[in-house]
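S.K.: this is a predicted model, with the sequence first.
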Amino acid sequence: MIQEVVRYEDRILGLPTQPLEVTPLDDRRLVVDAFARWRIVNLVDFREAVGPGGTDAAQARLDRIINAAIREVLGSVPSGAVLSEDRTGLMNRIRDIARREAASLGVDVIDVRLTRTDLPEQNLAATFARMRAEREREAADEIGRGNEAAQRVRASADRTVVEVTSEARKQAEIIRGESDAQRNGIYAEAFGRDPEFFAFTRSLTAYERALREGNSSIVMSPDSEFFDYLRSDQGASAPADAAN
């Protein structure tokens, strides 16, 4: 009555898929592999589907089903969604498609997990170069903004210097004018009190400045008014009178 006894696993089995290249929506190729867990749920359907090949044949057919599901799901989203940490929804979609396709084999696909999502080796250099160029552009933008801010600060400082310097010069001119006015008032008052003494002191100041060592030679007539106090009896007596 019994010609052959075939034993099948009733436990949950694991299936690591081979690395697969996929192209997401943004045409950025990725190398992906996955790990699936599956279990035989209908022995009759399983035997009819895989024949004497058993579990090995089922693994080969499941590998093709899962790879097709990976291509379908990951090809419909951009690479950023695939490379992000939150890709549980994508793995659930792959599992549902694989479960639906594998039902005819008498097996149930319990779970599918993406174990690796990397760039192909030939794309790494180009990707790194693009990332480097992007970082350099961002650095150049930051440097440009920093230079612009520095220029604004420098211009504001220069404007402040000009304003402060102008205000200081104005105040200095005001003070100098007031001092000159006070000095002229003192001179005028001194001249009003003793015109002769005022003229004498002014002449002495002129002699001191004109006859200072190192000055240029002065050529003038001997009877010039400049030497009145040096040659007149009035000039000779003026210092004594002033001293008294």
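M.R.: Ah, there it is.
S.K.: helices or strands up against the helix ranked longest in the chain?
M.R.: Longest helix in the chain, counting residues (DSSP state H): helix 121-193. Contacts defined by 3 or more Cβ pairs under 8 Å, 6 or more residues apart in numbering; DSSP states H and E place helix 121-193 against helix 195-210. C-betas here are computed from N, CA, C, even on glycine.
S.K.: what average pLDDT does the helix it packs on get?
M.R.: The average pLDDT within helix 195-210 is 72.
S.K.: that helix packs against which elements?
M.R.: helix 121-193, helix 228-231, helix 233-243.
S.K.: spatially speaking, which residue is in the middle of the protein?
M.R.: Closest residue to the average C-alpha location of the chain: Glu142 at 3.1 Å, with Cα atoms, centre = their mean.
S.K.: would you check how far apart it and Arg135 are?
M.R.: 10 Å (Cβ to Cβ, to the nearest Å).
S.K.: next one: Ile143
M.R.: 12 Å.
S.K.: got it, and Ser79?
M.R.: For Ser79 relative to Arg135 (Cβ to Cβ), the value is 19 Å.
S.K.: give me the more crowded residue out of the two.
M.R.: Per other Cβ atoms under 10 Å, whichever of Ser79 and Arg135 has more neighbours is Ser79, with 19 against 10.
S.K.: can you tell me which residues contact the more buried one?
M.R.: 24-26, 28, 30 (Cβ atoms under 8 Å, 6 or more residues apart in numbering).
S.K.: what is the burial count for the closest residue to Phe191 other than its chain neighbours?
M.R.: Spatial nearest neighbour of Phe191, chain neighbours left out: Phe198 (4.4 Å); criterion: Cβ to Cβ, 6 or more residues apart in numbering. Residue neighbour count, defined by other Cβ under 10 Å, stands at 16 for Phe198.
S.K.: from what I see, Phe198 and Glu189 are in contact.
M.R.: No. Counting by Cβ atoms under 8 Å, Phe198 does not reach Glu189; the two are 9.6 Å apart.
S.K.: can you show me the CA trace of stretch 197-205 as CSV?
M.R.: Below are the C-alpha coordinates for stretch 197-205, written out as CSV (Å, rounded to 0.1, in the frame of the first residue of the first chain):
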residue,chain,number,x,y,z
PHE,A,197,53.5,147.0,27.0
PHE,A,198,51.3,144.8,24.7
ALA,A,199,53.2,145.9,21.7
PHE,A,200,56.5,145.3,23.5
THR,A,201,55.6,141.7,24.5
ARG,A,202,54.3,140.9,21.0
SER,A,203,57.6,142.2,19.5
LEU,A,204,59.6,140.0,21.9
THR,A,205,57.6,137.0,20.8
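S.K.: that'll do, ta.
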